[in-house]
Structures are given as structure tokens and as C-alpha cells.
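K.L.:
when you get a sec, could you give me coordinates for this:
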Amino acid sequence: MSKPYAESCDQNREPILAVLREVLAGRAEVLEIGSGTGQHAVFFAAHLPQVIWHTSDLPQCHPGIRAWLDEARLPNVREPVALDVAQLPWPVASAPAIFSANTAHIMSWHAVRRMFEGAGRVLEPDGVFCLYGPFAEGGRHTSPGNARFDAWLRARDPESGVRDLDALDRLALEHGLQRVARYPMPTDNRIAVWRKPAAAS
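P.N.:
Residues are numbered from 1 along each chain as shown. Have a look, this model is predicted:
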């Protein structure tokens, strides 16, 4: 099959990679939630050869992901797992790191809640959850463009929308995660990083 393509993946991959080099240092594996086209998986895995990249998405996305994986033939990328964040428990036992890009704003709030619940369950102690996308902060949009994007999302699907970092922080705390970093990114996006505390010695 022809490979699916999302222009946004090419536009944002370099700045995301710069953050992942820092956040994933010393971590051997990462679970990607919502691998989409598969573009991010092959790009990041190629530049982070020490990290095993586990792809996942809804089953209908798997053929496209496999098309990218088959072409790249990278030894550190795994076949996609059928993962619907809203369906708990996830088909993943544990992960030292989780990464997801451009997912929270297209999910329902129920699914976002389940994503954080699932992350809290499967992350290993000292594990990190990295979420890339547009966010509001303190109840305000960070740019007029994000405000317009939020209005467009909610007109298309009232269950979706740009999420507020404060609300996500509260969700994270409910499931044993604490935000440890926030990285400004191009086009008014952010990467937020939450950490699961290390087990008590």
C-alpha cells in the first residue's frame, strides 16, 4: 500500500527530537500512543537507535504504520499494538516512557482521562509521559491561533478541544504522576512531561 503522510509530522519532528534526546536519556524503551501514520516512529527510532520504539494505535491505522516500518526496516521499532486509550486495561504490561503527539485535543475528555489513568498504571517507577500538542494554560489560550483551532475542533466535535495544562496536571496527580517539565515548541505548541516517582528504597 502507499504510505500515509501527514505534513505536520515533518514540520515538528526536529524540535520534538531535540526534547526527546533529553527526556529519554537512559531509557531503553518508549511506548508511542497514537502512532498515526508511523512517520514519527521511524524518524525518532532512526535518530535514537538506543531506544526500542513500540508503536500503537487503533487497528485501522496499523496498515499505514506497517508501510512506514517495512520501508525503514529499523531494528529498534516494534509492530503496532492495538491500543484504544479508553479501554482499560491496556494491552501493555509496563513501559519506562510514554510519548504521544497531537492526540489529547482530538480525543474526548473521557478518553484523555483514561489516557492518564492508563499511563499511571503502566509507567514504571521513574517513568515519564511526554505529551506534545497545543495547550491552554491557566484557563487561557496561548495564542489567537490556538483559540481559533480550539473553536474549530469543538465545532467539528464538541467532545474534543485544546486541553488546559492545569486540568491535565490535576488528572496526572490523580494517577500518581507529577509534571516535571514544559517545553515551548514552534507554532505555539508545547511538550509537557509528567513523571511517576521512583519506588521508595
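
K.L.:
low-scoring stretches of this structure, by residue?
P.N.:
1, 200-201 (pLDDT under 70).

K.L.:
name whatever forms a beta bridge with the spatially most central residue of the chain.
P.N.:
Compute the mean C-alpha point of the chain, and by CA atoms, centre = their mean the closest residue is residue 100, 0.7 Å away. Beta-bridge partners of residue 100, counted by DSSP bridges, are residue 33, residue 131.

K.L.:
which ones are touching it?
P.N.:
32-34, 115, 129-132 (CB atoms under 8 Å, 6 or more residues apart in numbering). C-betas here are computed from N, CA, C, even on glycine.

K.L.:
try 7 Å
P.N.:
32-34, 131 (CB atoms under 7 Å, 6 or more residues apart in numbering).

K.L.:
any idea which of those residues has the most stuff around it?
P.N.:
Ranked by neighbour count under the definition other CB atoms under 10 Å, the contacts of residue 100 are headed by residue 32 with 30 neighbours.

K.L.:
hang on, that residue packs against residue 55?
P.N.:
Yes - contact criterion CB atoms under 7 Å: residue 32 and residue 55 qualify, at 5.5 Å.

K.L.:
got any residues that touch both of these two?
P.N.:
Residues touching both residue 32 and residue 55 by CB under 7 Å, 6+ apart: residue 41.

K.L.:
can you give me the helices in this structure?
P.N.:
7-23, 39-47, 62-72, 109-122, 144-156, 165-174 (DSSP state H).

K.L.:
can those helices go into CSV with extra columns for mean neighbour count and distance to residue 90?
P.N.:
Shown next, in CSV, are the helices of the chain (neighbours: other CB atoms under 10 Å; distance: least, CB to CB, whole Å):
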stretch, mean neighbour count, distance to residue 90
helix 7-23, 16, 21
helix 39-47, 21, 18
helix 62-72, 18, 16
helix 109-122, 20, 5
helix 144-156, 14, 25
helix 165-174, 16, 16
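
K.L.:
residue 86 is nearest to which of those?
P.N.:
helix 109-122 (4.5 Å; CB to CB).

K.L.:
packing partners of the closest one?
P.N.:
Helices and strands touching helix 109-122, by 3 or more CB pairs under 7 Å, 6 or more residues apart in numbering; DSSP states H and E, are helix 165-174.

K.L.:
from the rest of the structure, what touches the helix it packs on?
P.N.:
The contact list for helix 165-174, computed with CB under 7 Å, 6+ apart, reads 113, 116, 135, 137-138, 178-179, 192, 194.

K.L.:
who wins on neighbours among those?
P.N.:
Neighbour-wise, the contacts of helix 165-174 (other CB under 10 Å) top out at residue 194, 26 neighbours.

K.L.:
surely residue 178 is in contact with residue 194?
P.N.:
Yes - Residue 178 lies in contact with residue 194 (CB under 7 Å); the separation is 6.3 Å.
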